[in-house]
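**Q** Prediction below, plus the sequence it came from.
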Amino acid sequence: MKWIVDSHTHLGEFPLFNVKLDIKGMIEIMDKYEIERSIVFSLPNELTLEAKKNYPGRIEGLVWINPYEGEKAIETVKEYIGKYGFKGVKLHPLIDAYLPDQPIVYPIMDLAAKYGFPVLFHSGHPPWSLPWHFHNLAQRYPDVKIILGHMGHGHIVYINGAIEVAKRNDNIYLETSGMPMHTKIKEAAEEIGVERILYGSDMPFGHPAFEIEKVKVSGLKGEDLKKILRENAMKIFSIK
């Protein structure tokens, strides 16, 4: 039975990291690891759109934009969410060189507040995507669901910072991919509530083979595991 929802995946070629993944390969991985659906964000966004059309019920999309593109970015969000049924927005402050709480992000967040979709950010790398800047953004947009991809990533100070910021803001959610400490998943559940934690693999930069097991060995059991591996994503991304 395929029942897991993967909240953090990509399609395409990434020469800097020497990794690539096409939709056929993603579906094969999903089938092997009991993943019902993957939340995909790719550049160009057409890659995600094509995958979503070819595999309905298996692929859901987030539209990946650069806020420096201004009105073009706004129109892209409206098109992909309104016309194609994408579930939210992906922003990458590290790649595009802005802080999460800079005014350049506000037009996207205004749309998210108006239409009720979540915004997933890359987090965990200086200088652009450290957890503490998300506090200011969450305070400004308390009704927008803000997902910290990688929940601080690989540095213990940033992981702790992500949990700390989420504890202070009920609209911040933590996604598990790329964060190496399985025990921090349980700690986060105890600090902020298991309902605000989402499983992700970061395919093709990560892999469900170890990312799912990381959640399973975190110390959480039963219904808490089901929430992280499936139910929370279904609710946050409004998947029927």
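**A** Received, thanks. These numbers were taken from a predicted model, which means no experiment stands behind them. Residues are numbered from 1 along each chain as shown.
**Q** Ramachandran coordinates for the nearest residue to Asn232 once chain neighbours are set aside?
**A** Excluding its sequence neighbours, the residue lying closest to Asn232 (CB to CB, 6 or more residues apart in numbering) is Leu198, at 5.2 Å. Just so you know, the C-beta spots here come from the backbone N, C-alpha and C atoms, and that holds for glycine as well. Dihedral angles of Leu198 (phi, psi; degrees, to the nearest 10) stand at phi -120, psi 140.
**Q** Output the below-cut-off pLDDT ranges for the protein.
**A** 1 (pLDDT under 70).
**Q** And for Asp22, the neighbour number?
**A** Asp22 is flanked by 14 other residues according to other CB atoms under 10 Å.
**Q** That one contacts Glu28, correct?
**A** No: counting by CB atoms under 8 Å, Asp22 stays clear of Glu28, with 10.0 Å between them.
**Q** For the chain, which segments count as helices?
**A** Remark: helices assigned in the chain by DSSP state H are 23-32, 45-54, 71-82, 93-96, 106-115, 132-140, 156-168, 182-192, 208-216, 222-226, 232-236.
**Q** Let's have these in JSON lines, adding distance to Phe14.
**A** As requested, the helices of the chain are exported to JSON lines (distance: least, CB to CB, whole Å):
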{"stretch": "helix 23-32", "distance to Phe14": "13"}
{"stretch": "helix 45-54", "distance to Phe14": "12"}
{"stretch": "helix 71-82", "distance to Phe14": "21"}
{"stretch": "helix 93-96", "distance to Phe14": "11"}
{"stretch": "helix 106-115", "distance to Phe14": "24"}
{"stretch": "helix 132-140", "distance to Phe14": "25"}
{"stretch": "helix 156-168", "distance to Phe14": "22"}
{"stretch": "helix 182-192", "distance to Phe14": "26"}
{"stretch": "helix 208-216", "distance to Phe14": "17"}
{"stretch": "helix 222-226", "distance to Phe14": "30"}
{"stretch": "helix 232-236", "distance to Phe14": "23"}
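**Q** Mind checking those helices for the one nearest to Phe17?
**A** Proximity to Phe17, assessed across the helices of the chain by CB to CB, is greatest for helix 93-96 (12.1 Å).
**Q** residues in contact with the closest one?
**A** With contacts defined as CB atoms under 8 Å, 6 or more residues apart in numbering, helix 93-96 is touched by Asn66, Pro67, Tyr68, Leu99, Pro100, Phe121, His122, His125, Trp128, Ser129.
**Q** now stretch 123-132
**A** 92-94, 97-100, 121-122, 134, 148-155, 158-159, 161-162, 164-165, 178-179.
**Q** Buried ones in that stretch, by neighbour count?
**A** Across stretch 123-132, burial judged by 16 or more other CB atoms under 10 Å covers Ser123, Gly124, His125, Trp128, Ser129, Leu130, Pro131.
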